[in-house]
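In: turn this into a structure:
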Amino acid sequence: MALSIIFARKRKLIKTVLLSTVFASFSSHAVDFEALRQIYSQPSHLWPKANLDESVSAKELGLLPKVVFPKDNPFEANKFALGKRLFHDGKLSRSKQIACASCHDRDLGWGDGKSTSFGHNRQRGRRNAPTIENVAFGDTFFWDGRAKTLEQQALMPIQDPLEMNFTLPELEMRLAQQPDYVALFKSAYGNEEITSEKIAMALATYQRTLTSRLSKFDRFLLASKQKTEKLQGIYRSAMSDNAIWGMHLFRTKARCMNCHYGPTLSDQKFHNLGLTYYKREYQDLGRYQKTKIPSDVGKFKTPGLRGVLNTKPWMHNGLFGDLTGLLSFYNAGGVQIKRDKLDPLSPETSTLLKPLSLTNKEVSALIEFLEAVTAPPALGASSR
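Out: Presented below is the predicted three-dimensional model:
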């Protein structure tokens, strides 16, 4: 795929969205920032009602819960250490040059900063590498949800011809010839046998520790729990007036909570935003490739928004690298596509997307809220 074609495609779509979005006057009605701050300083059950469609049952925005490790793969420090080593080791790929960390780089928000990733022999994939921050809270994995567990997900890129292009038996043999790995597996599991199941468990254990650090949003929510009035004031001022206004818009006029809710700011579901490119050069059928259900054509998993400013470009195909352009896309109601009744695989844009008529100031406030939910990239545990 020529880069010039990709950039031309991006420019054309963003220009169309911007032209089709009619912003209201730049000067909006006066906002009572002090009143908003007082309202959102209360417990969340006293916040204004979110603007949700009848079909949506959303959990309120809030703090991340503690990670619960599976009973069949509990956290153990030695298994974590093995998983961390495996995650950053190119030996998991045929070429010995591509590690899990190649596409999930901490310095890039646990993504890779590319529209779509490069893999074996510099082959370009067709999807953006999603961040793995907060994967511990996921219900399914990958943009199309084809993996049900993090252990299952961990082995798929290794075997993908476009990504790491290896086989599990070959990987087991390669690691078994490395004395340091033999020692690490024995330390983690009590014996020297190296299996793909153990590799998956170690990788999943490491990834489950990659949870978001405290953001300005978190500190604002934690203000009332601080022991002194001084600390309460510091925590309460963590979010600016504009960020609080942005949070209010996020929950109300901007309709974001129809898909982005709960502690991770994701419903963990799949939606069609109109970016399927059905029967065109960049076609991606999304969730349908897993389920084979026609209504799933063009649906992709809702990403969590914690750390969102660390993870550009955005969308399943990395289409947007500018947050104002991305919000303009949503402001216009996405790309509205109606199903062709004569074509059983014809996609249809989600009814949750509607034109929003957000002003420039309101878009800026939303961006400031997204900045407030973005902390520095997750560190990962060293031990428990």
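In: where do the domain boundaries of the protein fall?
Out: Domain assignment of the chain by automatic domain parsing yields the ranges 3-60+214-372, 77-208.
In: out of those domains, which gets nearest to residue 67?
Out: Among the domains of the chain, the nearest to residue 67 by C-beta to C-beta is domain 77-208 (4.4 Å). All C-beta atoms are positioned from the backbone trio N, CA, C, and that covers glycine.
In: endpoints of that closest one, how far apart?
Out: With C-alpha to C-alpha, to the nearest Å as the measure, the first residue of domain 77-208 is 13 Å from its last.
In: same check on stretch 92-99?
Out: OK, stretch 92-99 end separation, C-alpha to C-alpha: 6 Å.
In: 19 is where my numbering starts, stick with that
Out: OK, 19 is where the count begins now, so the last one is stretch 110-117.
In: that stretch: which residues count as buried?
Out: Within stretch 110-117, the residues that count as buried by 16 or more other C-beta atoms under 10 Å are 110, 111, 112, 116, 117.
In: before we move on, what about stretch 377-388?
Out: 377, 379, 380, 381, 383, 384, 385, 386, 387, 388.
In: and stretch 358-366, by the same measure?
Out: Those buried within stretch 358-366 under the rule 16+ other C-beta under 10 Å are 363, 364, 365, 366.
In: what about the chain, any weak spots by pLDDT?
Out: For the chain, the stretches flagged by pLDDT under 70 are 19-47, 400-402.
In: so which residues of it form strands?
Out: Secondary structure of the chain, counting by DSSP state E: strands at 288-289, 318-319.
In: and among those strands, the most buried is which?
Out: Mean neighbour count (mean count of other C-beta atoms under 10 Å) peaks for strand 318-319 among the strands of the chain, with a mean of 24.
In: so what secondary structure elements neighbour that one?
Out: strand 288-289 (3 or more C-beta pairs under 8 Å, 6 or more residues apart in numbering; DSSP states H and E).
In: and the buried residues of stretch 110-117 as CSV, adding distance to residue 87?
Out: Below are the buried residues of stretch 110-117 laid out as CSV (distance: C-beta to C-beta, whole Å):
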residue, distance to residue 87
110, 22
111, 27
112, 31
116, 27
117, 23
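In: of the residues you listed, which is the nearest to residue 337?
Out: Once C-beta to C-beta is applied, the member of the buried residues of stretch 110-117 that ends up nearest residue 337 is residue 116, at 24.2 Å.
In: mind checking how far the most centrally placed residue in the chain is from residue 342?
Out: The structure's the chain has its C-alpha centroid closest to residue 321; by C-alpha atoms, centre = their mean the separation is 3.5 Å. In this view, residue 321 and residue 342 are 18 Å apart by C-beta to C-beta, to the nearest Å.
In: repeat that for residue 398.
Out: For residue 398 relative to residue 342 (C-beta to C-beta), the value is 32 Å.
In: before we move on, what about residue 149?
Out: Counting by C-beta to C-beta, the gap from residue 149 to residue 342 is 21 Å.
In: neighbours of residue 157, how many?
Out: 12 (other C-beta atoms under 10 Å).
In: tell me who's in contact with it.
Out: residue 286 (C-beta atoms under 8 Å, 6 or more residues apart in numbering).
In: for residue 289, same thing?
Out: Counted by C-beta under 8 Å, 6+ apart, residue 289 has contacts 277, 317, 318, 320, 368, 370.
In: wait, what's in contact with the nearest residue to residue 296 once chain neighbours are set aside?
Out: Counting by C-beta to C-beta, 6 or more residues apart in numbering, residue 365 is the residue found nearest to residue 296 once chain neighbours are left out, at 5.3 Å. Counting by C-beta under 8 Å, 6+ apart, residue 365 touches 290, 292, 294, 296, 315, 316, 355, 357.
In: of those residues, which is the most crowded?
Out: residue 316 (28 neighbours).
In: give me every residue that touches that one.
Out: 290, 292, 293, 294, 296, 302, 303, 304, 305, 306, 365, 366.
In: got those as JSON lines, with distance to residue 265 columns?
Out: As requested, these are exported to JSON lines (distance: C-beta to C-beta, whole Å):
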{"residue": "290", "distance to residue 265": "27"}
{"residue": "292", "distance to residue 265": "26"}
{"residue": "293", "distance to residue 265": "26"}
{"residue": "294", "distance to residue 265": "31"}
{"residue": "296", "distance to residue 265": "35"}
{"residue": "302", "distance to residue 265": "32"}
{"residue": "303", "distance to residue 265": "35"}
{"residue": "304", "distance to residue 265": "30"}
{"residue": "305", "distance to residue 265": "30"}
{"residue": "306", "distance to residue 265": "34"}
{"residue": "365", "distance to residue 265": "32"}
{"residue": "366", "distance to residue 265": "31"}
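In: just the closest of those residues to residue 188, please.
Out: Of the contacts of residue 316, the one sitting nearest to residue 188 (C-beta to C-beta) turns out to be residue 302, at 29.7 Å.
In: what does stretch 349-363 rub up against?
Out: Applying C-beta under 8 Å, 6+ apart, the external contacts of stretch 349-363 come out as 31, 35, 38-39, 41, 290-294, 296, 303, 306, 312, 315, 347, 364-368, 371-376, 381.
In: so which residues of the protein form helices?
Out: Applying DSSP state H to the chain gives helices spanning 21-38, 51-58, 95-105, 118-121, 168-177, 186-194, 197-207, 214-226, 234-239, 247-254, 259-269, 306-309, 341-349, 378-390.
In: list the contacts of the third one.
Out: Which is helix 95-105. 110, 117-119, 122, 199, 202-203, 205-207, 217, 219-225, 227, 398-399, 401-402.
In: in ChimeraX, select just the buried ones from the residues you listed.
Out: Buried residues within these, by 16+ other C-beta under 10 Å, are selected in ChimeraX with:
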select :110,117,118,119,122,199,202,203,206,207,217,219,220,221,222,223,224,225,227,398,399
